[in-house]
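Engineer: below are the sequence and a predicted model for it; my questions follow.
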Amino acid sequence: HTPTETAAPALLFSSLSRGHVIEVQGPASSGKTHLLYHFVLLCIAPSREMAMDFGGNGLAAIVYDTDASFDVARLHQLLLTRLSLVLPYNMEMTRRLAEESLRRLHIFRPTSPLQLATSLLHLPSYHRTHMPDHEIGLVAVDSVSAFYWPARFIEEQMRNIPQVAQGGPDPSSVNPLQHVLTALGRLRLSHAPSIILTNWGLNLASGSSGPVTFYKQHLHPFP
């Protein structure tokens, strides 16, 4: 998804621009969270320090760890490895820069889709209060599928309510995922971060073969 005309045009990660929305889809243990570490690292790592180019952006990253699988210790190790390539003989400065980078990382662990949507809606307020000096460069949800079964249960229950079945509101309008997508859309317009959503790959798309595998979208409503 490409950003609107109001989004900042500056590049964040190579060909990924501010306001872009990226879905990383794949089966369990396919490396989705590990790829997310790479995006987070590029966001929070310093750009330049003492005339040295570290290849980062020095921006804040917000991670919604709905699967409880985001390992900060692993990210810290990756940061140290990345920074040591520029500072191979100065581990003290490498550790200091890694700690400063991690201060730009904010992790939330919502336990329901409504908590996730509410947290996203209040992120601008959290930004003003707790991190006014740091621009938000990345917002990630790992994984947007974590609440798939509870959300599906709610939608099925809504279909069984008589007034809904007789022409009432569309069940998708009360689907918690719809609130999450609305909150992400507002955040994209107001702050233009890059947005990364990891998603389970459950069913192969018809005709999917070869080195690149595509999966059917199991989340509804979802682009």
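Structural biologist: Alright, I've got the coordinates. Numbers count the residues shown, from 1 in each chain.

Engineer: which residues touch Thr198?
Structural biologist: Glu23, Val24, Gln25, Lys32, Thr33, Leu36, Ala140, Val141, Asp142, Ser143, Val144, Ser145 (Cβ atoms under 8 Å, 6 or more residues apart in numbering). All C-beta atoms are positioned from the backbone trio N, CA, C, and that covers glycine.

Engineer: did I read that right, it in a strand?
Structural biologist: Yes. According to DSSP: H, G, I helix; E, B strand; the rest coil, Thr198 belongs to a strand.

Engineer: for beta bridges, what are the partners of it?
Structural biologist: For Thr198, the beta-bridge partners are Val24 (DSSP bridges).

Engineer: from Val63, how far off is it?
Structural biologist: 11 Å (Cβ to Cβ, to the nearest Å).

Engineer: any shared contact partners between the two?
Structural biologist: Leu36, Ala140, Asp142.

Engineer: let me have those residues in TSV, extended by neighbour count and pLDDT.
Structural biologist: Formatted as TSV, the shared contacts of Thr198 and Val63 follow (neighbours: other Cβ atoms under 10 Å; pLDDT from 0 to 100):
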residue	neighbour count	pLDDT
Leu36	25	95
Ala140	26	97
Asp142	25	94
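
Engineer: any idea what the residue positioned nearest the centre of the chain is bridged to?
Structural biologist: With distances taken as Cα atoms, centre = their mean, the residue of the chain nearest its centroid is Ala140 (1.1 Å). With DSSP bridges as the criterion, Ala140 is bridged to Val63, Ile196.

Engineer: I figured it was touching Ile196, is that so?
Structural biologist: Yes. Counting by Cβ atoms under 8 Å, Ala140 does reach Ile196; the two are 4.3 Å apart.

Engineer: what do these two both touch?
Structural biologist: Common neighbours of Ala140 and Ile196 (Cβ under 8 Å, 6+ apart) are Leu36, Phe39.

Engineer: alpha carbons of the biggest helix by length in the chain, as PDB, please.
Structural biologist: Using DSSP state H to define each element, the chain has its longest helix at helix 176-191. Only the C-alpha atoms of helix 176-191 are listed here, as PDB (Å, rounded to 0.1, in the frame of the first residue of the first chain):
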ATOM      1  CA  PRO A 176     -12.500  -6.100  16.300                       C
ATOM      2  CA  LEU A 177     -10.100  -6.400  13.400                       C
ATOM      3  CA  GLN A 178     -12.000  -3.500  11.700                       C
ATOM      4  CA  HIS A 179     -11.200  -1.300  14.700                       C
ATOM      5  CA  VAL A 180      -7.500  -2.200  14.400                       C
ATOM      6  CA  LEU A 181      -7.400  -1.400  10.700                       C
ATOM      7  CA  THR A 182      -9.200   1.900  11.400                       C
ATOM      8  CA  ALA A 183      -6.700   2.900  14.100                       C
ATOM      9  CA  LEU A 184      -3.800   2.000  11.800                       C
ATOM     10  CA  GLY A 185      -5.300   4.100   9.100                       C
ATOM     11  CA  ARG A 186      -5.600   7.100  11.300                       C
ATOM     12  CA  LEU A 187      -2.000   6.600  12.600                       C
ATOM     13  CA  ARG A 188      -0.700   6.400   9.000                       C
ATOM     14  CA  LEU A 189      -2.300   9.700   8.100                       C
ATOM     15  CA  SER A 190      -1.200  11.500  11.300                       C
ATOM     16  CA  HIS A 191       2.300  10.300  11.700                       C
END
